[in-house]
Structures are given as structure tokens and as C-alpha cells.
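Participant: for reference, the sequence and a predicted model appear below.
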Amino acid sequence: MQNDLLTPKPGAQPGPLVQQALARDIVARTARAIGSARSAGVAVGFVRVGFSSDYHECPKNSPVFSGAPSAGLFKLGTWGTEIHPDLDARETDVHIVKHRVSPFYATTLMAQLNAMRIERIYCSGVSTQAVVQATVRDAHDRDFDVVVLEDCCAAHSAEEHANSIQSLARFCRIADAGTDFGATR
């Protein structure tokens, strides 16, 4: 839910992921879901993909990330890696910076979840076919109860999103931004 993935660049045609995120209104829906979660006492967390200014953590052979250095994407400390301002990210939230698709890979996510005794993860984000799928599958294999907020996710196309959600339904429950977090904790 970071600016590089959700916000059109000034003067540039938005890419397919940004177009889908805008068409699905996922920022506003996610903001409502975060507000509801906070009201119910549910911990909120944010995952960002980010690399140092020299991109030394960026995998050179990755079809997903190898173009980031030349495009100037995902550079830590820049506007592009900040959480979208409408999502009310707070210093007290869980914050993870990742260098690969899965937020569990080589990060402190598992340690933070264990320290907070988290058993259920509500998942949303962009892109459905990458980070959302990786998160759900990794969380499933770590014995978490996982709920995907389908209307708070977007992929590069509506078809990719639908296919991803259909595939994920075997590993989690599918819900929407209107989930009653207080009833399902």
C-alpha cells in the first residue's frame, strides 16, 4: 500500500496496477477497514518493498524487481516507498520492509507477530497475484488463520485478481472491507 504502487506519477500514464487500484477504490476501502480494525482493537501492520539507494538488496535476475533500479522505484527514504497518506499509518503499527515478494522472507515479521501473540492475519494489498498470494500461503504454512479482504486488493488486471482470489480461497477465508473485526477476532 505504498505510493509507488498506488499513485499515478505526475505527467505519466498510470500503469495497469495503478489503474486497477484506482478502479477498485482500494485505498478508500482499505482506510475504512483499517479504521474498523483499530476500533475493534486489532493490530494494524504495513509491508513495503524497498531497497537501499544503491539497490544492493535488489535481485538482479528477478522478473518482478530487476527493473526497479532503472525506473527509480522502491528506493527507501523516498516518497515512493511511503505508505499512502490516506491509510493513517502510525509509528505504533507493525512495519515491515521487504526485499522479495513474501513479507516473511528475511524480515522480522514472524518475530513481531509472535511477540504480539497474533493468530489471525487480515491481508490486503497490491498486487493480489504476488504479495497477497505469497503472504497468504506463507502465513497458512506458519499456522495462522488468514482472511483476505478481497475488495482491498488489486492486481495488474481484473482477471489476474479474480484468478488469484479463486486460488487463495483454498488457503484462507475471503471477506471484504465491511468485515466485523470485533466479531471475528
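Facilitator: Nice, thanks for sending it over.

Participant: give me the secondary structure label for the most centrally placed residue in the chain.
Facilitator: With distances taken as Cα atoms, centre = their mean, Gly125 lies nearest the centre of the chain, 3.5 Å away. Using DSSP: H, G, I helix; E, B strand; the rest coil as the criterion, the local structure at Gly125 reads strand.

Participant: from what I can see it touches Val136, true?
Facilitator: No. Between Gly125 and Val136 there is no contact, the gap being 10.6 Å when judged by Cβ atoms under 8 Å. In short, each C-beta sits where N, CA and C put it, glycine included.

Participant: model confidence score at the residue nearest to the centre of the chain, please.
Facilitator: Here the pLDDT value assigned to Gly125 is 97.

Participant: check Leu17 too.
Facilitator: For Leu17, pLDDT reads 95.

Participant: got the contact list for it?
Facilitator: For Leu17, the set of contacting residues under the criterion of Cβ atoms under 8 Å, 6 or more residues apart in numbering consists of 5, 126-127, 154-156.

Participant: ok, then the element right after the longest strand seen in the chain?
Facilitator: With residue count as the measure and DSSP state E as the assignment, the chain has strand 145-154 as its longest strand. Using DSSP states H and E, the helix or strand that follows strand 145-154 in sequence is helix 158-168.

Participant: let me see the mean pLDDT of whatever helix or strand comes next after that next one.
Facilitator: Remark: after helix 158-168, the chain's next helix or strand is strand 173-175, criterion DSSP H and E. Averaging the model's pLDDT scores along strand 173-175 yields 98.
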